[in-house]
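Enquirer: Need coordinates for the below:
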Amino acid sequence: MPTSIFDPAIAQTLAAAQTPSTRQVQVDGQTVSIPVPFPSPGDWRNCWIYFLITDRFNNPSQSPKLTWNQSYGFWQGGTFEGVRQQLPYLQKLGVRAIWLSPVVKNSRPEIDGFAYVYPGYNAQDFLNVDARFASDGAQATAETELSALVNEAHARGIYVILDIVLNHAGRVFDYQYDGNVTSQFTDPTVMNAPLGQEPPIQWMTGIGVSRQDWTDTLPVVSALSADDAVWPTDLQRKEFFRRRGSTLSNTPTADGFVHGDFGSMRQMVHEYTATSAGQQALRQQYGSMPVISILIRAYEYLLAKYDFDGFRIDTVKYIRPDIVETFGNAVREYALSIGKADFFTYGEIYDSEQEIDQFIGRNTPNVDGFGIDAALDFPLFFNLPSVIKGFSPVESVRAVFTNRKSAEAQLISSHGDAGKYFVSFLDNHDQNQRFNTPGMPVEQVLMGVAVLFGLQGIPCLYYGTEQGLQGTVDTTGKSTLNSMESVREALWGKPSAFDTTSTMFQHIAAIVAVRSAEAPLRYGRLYFREVAGNGTDFGQSTGAGGVVAFSRILTDREILIVANTSFGTPFSGSVLVDYDLSGTPRTFKVAYSNLGTSTTMTTSIAPGKVYPDGGGTPVPRDVASLPVSLKPMEVQILTPM
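Expert: Numbering: from 1, shown residues only. All right, here's what the predicted structure looks like:
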């Protein structure tokens, strides 16, 4: 186990990855040869993502520690081997990339005060994987089984994205504050005090207590166990951590940071510079910005050792954009050096389009930088689920993309390119409820998935959606929506947990198949379409329960997606299509319907009136339209024949 970024084993691993080789992998009884390092896809828009929490996905050797669908803030017992054994299941669903929750070693969850570390975001060791993901609990086994998982995924044509954290470590020390030792506190006076006035800290031991004799400074490394404090040794300096208690706000300050710990997770000081007098040795070791340099080296090592294809970066907006850019550029360059021409980085930026724009490649702070490649599409997430459920007006989804198109007007050659910058989703592990809530009609869930996979972006599906998971229940069977544990069921404990014949699985696989077959759904330009109930007066649908209608166009092929979000009212009318492509009547078929509709229809050319979006005087003109009939909560994907 390496203990420092200067460990010879790390240098050897990084160098070895620069020599291409092949590896033989057993897949369904056949030997498959894969290149190592595994090359990147040509375009990540081809690779929709399946996000799973390793601890909550599968363990073929034992049942979950607690009832699978009850809220539980500790380790349920999922393993790397459990994920590997379900790769055929994921392949059958059509998964092209797996997003794995963090794999590095975390604090011990069985110690009082270390609950909620099972998702993996409380790193204690940034160089080594957590032995608790091994089938036998052994460190060496964890490494072997993670490698086997990635290798077999590659052999099946599935990429693997690792979730990583730059902003913080786990609870690696406690504070001496206000006469007590405490794991967390919030105090504006401490947060805003001058540098050098941080409260003393007591580093944690591996058994979950802080040592009074480990105040600020740790003993020599030989006196520490692998479970003590933080690793690698390069991070064992108090000045590399902010040490001012919990954050006061989630909004970045004028210097670009959100200052403070994330609860009991200790924020690192990325802006720390080794440029002062007396820091020559530190600068010689790590460069002028040691914290980000250490993390770059650690994550490049994990990339090289396990052959990951991308990083999802947690809590990005808490770090100054240029530092995130430095990380993204460094990782991109190392990946290029080993033959991964499009190593994918995307960040969690839980905020508006304007905040996201500071971090991703098309609009980063430095003109010679490229930032990270993409961001989770929170602006869409803030609107799409409630629109699909009929709670919010349909025009709010249109507004997301109208705003986006305007922002990108001078930045990309075609607004069809916008999809590569966003990973879109309906729900995830950080919400208090799933998109599919108890009592929600199946057709409504499928409508959401179909619209998600039709819109621009790289779709991401949260684990268990395809099996109808609806969140946890309490001991009486009622749903619990009071914490993030509400959406983190232990999937493998569910009866028939990996049933490929279930309605939800079959329908999602069908949606995936249409997207895979139709290049416009991956690369195409996006146009929201006007609708008419009388075939003549066309305007954008508005209001809760309205119609979401849009086209994806790539060269001369137009795909139309129409969704009726009304719970009880059918829609029968016409939808505008591109006049230049359908000036000669064109026949479309229903390639997918969540209600099983199977029919064809032909476009017509006729005089009509088109009302401007938002109202105003209609414009008379000849229009091309397609007749569409939708039952309540029906979505159709229409493709030209």
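Enquirer: count of residues packed around Ser288?
Expert: Neighbourhood size, Ser288 [other CB atoms under 10 Å]: 12. Where you see a C-beta, it was placed from the backbone N, CA and C, and this is true even at glycine.
Enquirer: residues touching it, list them.
Expert: Ser288 is in contact with Thr273, Ala274, Thr275, counting by CB atoms under 8 Å, 6 or more residues apart in numbering.
Enquirer: Next, it: secondary structure please.
Expert: Look at Ser288: counting by DSSP: H, G, I helix; E, B strand; the rest coil, its state is coil.
Enquirer: Numbering from 189 from now on, please.
Expert: Got it, the first residue is 189 from now on, which makes the last one we talked about Ser476.
Enquirer: per-residue pLDDT, it?
Expert: Note on Ser476: pLDDT of 93.
Enquirer: Same question for Pro297.
Expert: pLDDT at Pro297 comes out at 59.
Enquirer: Also Gly804?
Expert: 87.
Enquirer: So for stretch 200-214, first residue to last residue, what's the gap.
Expert: Stretch 200-214 has its terminal residues 27 Å apart, counting by CA to CA, to the nearest Å.
Enquirer: Now that stretch: buried residues?
Expert: If you call a residue buried by 16 or more other CB atoms under 10 Å, then stretch 200-214 has these buried ones: Thr201, Leu202, Ala205, Val213.
Enquirer: what about the second one, which helix or strand?
Expert: Using DSSP states H and E, Leu202 maps to helix 196-204.
Enquirer: coming back round to it: so which of the buried residues of stretch 200-214 is the closest to Val317?
Expert: Thr201 (13.5 Å; CB to CB).
Enquirer: Tell me how far that closest one lies from Arg485.
Expert: The gap separating Thr201 from Arg485 is 11 Å, by CB to CB, to the nearest Å.
Enquirer: top of the contacts of Ser476 by neighbour count?
Expert: Going by other CB under 10 Å, Ala462 tops these with 20 neighbours.
Enquirer: so that residue sits right up against Gly475, yeah?
Expert: Yes - applying CB atoms under 8 Å, one finds Ala462 in contact with Gly475, separated by 7.5 Å.
Enquirer: which residues does the nearest residue to Thr374 once chain neighbours are set aside form a beta bridge with?
Expert: Nearest non-adjacent residue to Thr374, counting by CB to CB, 6 or more residues apart in numbering: Ser434, 4.7 Å away. Beta-bridge partners for Ser434, by DSSP bridges, are Asp449.
Enquirer: re the thing from before, okay, among the buried residues of stretch 200-214, which ones form the most distant pair?
Expert: In these, two members sit farther apart than any others by CB to CB. They are Leu202 and Val213, at 23.0 Å.
Enquirer: one step back: with distance to Met829 as extra columns, can I get the contacts of Ser476 in CSV?
Expert: Below are the contacts of Ser476 laid out as CSV (distance: CB to CB, whole Å):
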residue, distance to Met829
Thr461, 63
Ala462, 65
Thr463, 66
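Enquirer: Of those residues, which is the nearest to Lys426?
Expert: Ala462 (14.7 Å).
Enquirer: measure that closest one to Met456 for me?
Expert: In this structure, Ala462 and Met456 are 14 Å apart, going by CB to CB.
Enquirer: Equivalent analysis for Gly266, please.
Expert: 28 Å.
Enquirer: More neighbours: which of these two?
Expert: Shown here are Gly266 and Met456; by other CB under 10 Å, Gly266 has more neighbours (24 against 21).
Enquirer: Please verify my assumption that the more buried one contacts Phe245.
Expert: Yes - Gly266 is within contact range of Phe245, at 4.8 Å (criterion: CB under 8 Å).
Enquirer: between the two, what contacts are shared?
Expert: Common neighbours of Gly266 and Phe245 (CB under 8 Å, 6+ apart) are Trp680.
Enquirer: Find residues that contact each of Ala462 and Gly475.
Expert: Joint contacts of Ala462 and Gly475 (CB under 8 Å, 6+ apart) do not exist.
Enquirer: ok, and the helix or strand in this structure with the lowest average confidence?
Expert: Across the helices and strands of the chain, mean confidence by mean pLDDT, DSSP states H and E is lowest for helix 541-544: a mean of 79.
Enquirer: what packs against whichever helix or strand comes after it?
Expert: Moving toward the C-terminus from helix 541-544, the next helix or strand (DSSP H and E) is strand 562-564. Applying 3 or more CB pairs under 8 Å, 6 or more residues apart in numbering; DSSP states H and E, one finds that strand 562-564 makes contact with strand 532-535, strand 610-613.
Enquirer: Show the subsequent helix or strand relative to the last one.
Expert: Going back to what we said before, that points to strand 610-613. Following strand 610-613 in sequence, per DSSP H and E, is helix 630-642.
Enquirer: buried set for that following helix?
Expert: Glu631, Gln632, Val633, Leu634, Met635, Gly636, Val637, Ala638, Val639, Leu640, Phe641, Gly642.
Enquirer: Tell me the one among these nearest to Pro758.
Expert: Distance to Pro758, by CB to CB, is smallest for Glu631 among those, at 12.9 Å.
Enquirer: That closest one and Gln621, how far apart?
Expert: For Glu631 relative to Gln621 (CB to CB), the value is 19 Å.
Enquirer: before we move on, what about Glu386?
Expert: Separation of Glu386 from Gln621 (CB to CB): 38 Å.
Enquirer: Domains in this structure, by residue range?
Expert: With domains defined by automatic domain parsing, the chain comprises 234-357+480-705, 358-457, 708-828.
Enquirer: how about those, which one is nearest Leu470?
Expert: Judged by CB to CB, the one of the domains of the chain that comes nearest to Leu470 is domain 358-457, at 8.7 Å.
Enquirer: distance between the ends of that closest one?
Expert: Termini of domain 358-457 sit 14 Å apart (CA to CA).
Enquirer: how distant is that domain from the center of its chain?
Expert: Distance, stretch centre to chain centre, for domain 358-457: 28 Å (CA atoms, centre = their mean, to the nearest Å).
Enquirer: With stretch 480-500 instead?
Expert: Put simply, stretch 480-500 sits 17 Å off its chain's centre (CA atoms, centre = their mean).
Enquirer: again with stretch 626-639
Expert: That offset, for stretch 626-639, works out to 21 Å (CA atoms, centre = their mean).
Enquirer: tell me the average confidence for that stretch?
Expert: Here the average pLDDT along stretch 626-639 is 97.
Enquirer: Quick one: low-confidence residue ranges for this structure.
Expert: Where the chain drops to pLDDT under 70, the residues are 297-303, 549-558, 595-601.
Enquirer: Now do the longest strand that it contains: which elements does it pack against?
Expert: Across the chain, the longest stretch assigned as strand under DSSP state E is strand 807-818. If contacts are counted by 3+ CB pairs under 8 Å, 6+ apart, strand 807-818 sits against strand 745-752, strand 759-764, helix 767-770, strand 788-790, strand 792-798, strand 823-828.
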